[in-house]
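In: Output the structure for:
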Amino acid sequence: MLNTTIYKIERDNIVAQEVIKKEGACKNQLLIISRDLDLTPESRKTLSQILNAIKYNLEDSCMLVLGDAQLISINSYVRQYAIQKVISFGISPKDIGLQINPIAYRLIEMEALKLVFSHKISSLNSDKQKKIKLWNTLQTL
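Out: Numbers count the residues shown, from 1 in each chain. Have a look, this model is predicted:
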C-alpha cells in the first residue's frame with residue numbers, strides 16, 4: 001500500500017524565478033551571455049567593438065542578461081533561435097546548464113555548437129592581454 005502525504009504550500013513561500021532579460025533580434029545565430037552588473041555603458045561599448053571586429057552586431061545577436069546569482073539552461077535558447085555560437089562573459093558553464101570544464105579563451109565545439117568562455121567584459125577593459133586572447137579565439141569562431 002502506498003502512503004501519500006500532501007503538503008499545502010502557502011503562496012507567500014513561493015519564490016518567483018527571476019526573469020531572464022533577452023536583448024537583440026536573435027537573427028545571426030550568436031548567443032552572448034553576461035551578468036547585468038557587468039554591462040555598464042563602457043562595457044557595452046567594448047562588447048559592440050568586439051562584435052564589430054568579428055563582423056557581428058549586438059542588435060542582430062541574442063544576448064541574455066543574467067542577474068547577479070541567476071542560473072539558466074541555454075538549451076532552449078539554442079534550439080529556439082538556431083544558435084551556433086556562444087560567447088559567455090564572466091559566467092561559468094555550470095551557471096548556464098553545461099557540465100564541462102573549459103579553459104578561458106579556448107574554442108569548445110559541442111556537436112554543431114561553438115562556445116567561448118571569457119572573463120567578464122569589465123576585466124577585458126582593464127587587461128589588454130585578456131582582450132588579445134579573446135580576439136585570437138574569436139578569429140576561429
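In: sec struct for the residue nearest the centre of the chain, please.
Out: The residue at the geometric middle of the chain, judged as the C-alpha nearest the mean C-alpha position with Cα atoms, centre = their mean, is Ile33 (2.0 Å). At Ile33, secondary structure determined by DSSP: H, G, I helix; E, B strand; the rest coil is strand.
In: Can you give me the pLDDT of it?
Out: The predicted local confidence for Ile33 comes out at a pLDDT of 98.
In: wait, doesn't it sit right on Ile96?
Out: Yes - applying Cβ atoms under 8 Å as the test, Ile33 and Ile96 come out as touching, 6.1 Å apart. From N, CA and C alone the C-beta is placed, and that goes for glycine too.
In: For the residue nearest to Lys21 when sequence neighbours are not counted, give the beta-bridge partners.
Out: Counting by Cβ to Cβ, 6 or more residues apart in numbering, Lys21 lies nearest to Val65, which is 4.0 Å off, once chain neighbours are set aside. Listed by DSSP bridges, the beta-bridge partners for Val65 are Lys21, Ser34.
In: got a list of what Val65 touches?
Out: Contacts of Val65 were listed using Cβ atoms under 8 Å, 6 or more residues apart in numbering, and they are Ile20, Lys21, Lys22, Glu23, Ser34, Arg35, Asp36, Leu39.
In: returning to that earlier point: next, show the common contact partners of Ile33 and Ile96.
Out: Taking Cβ under 8 Å, 6+ apart as the contact criterion, the residues that touch both Ile33 and Ile96 are Ile74, Ser88.
In: Model confidence for the residue nearest to Lys21, exactly?
Out: If you check Val65, the pLDDT there is 96.
In: What residues sit buried inside stretch 127-141?
Out: By 16 or more other Cβ atoms under 10 Å, the buried positions in stretch 127-141 come out as Lys130, Lys131, Lys133, Leu134, Thr137, Leu138.
In: Serialize those to a markdown table and add fields for pLDDT.
Out: Written out in a markdown table, the entries for these read as follows (pLDDT from 0 to 100):
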| residue | pLDDT |
| --- | --- |
| Lys130 | 95 |
| Lys131 | 93 |
| Lys133 | 96 |
| Leu134 | 96 |
| Thr137 | 95 |
| Leu138 | 94 |
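In: Fine by me, we can end here.
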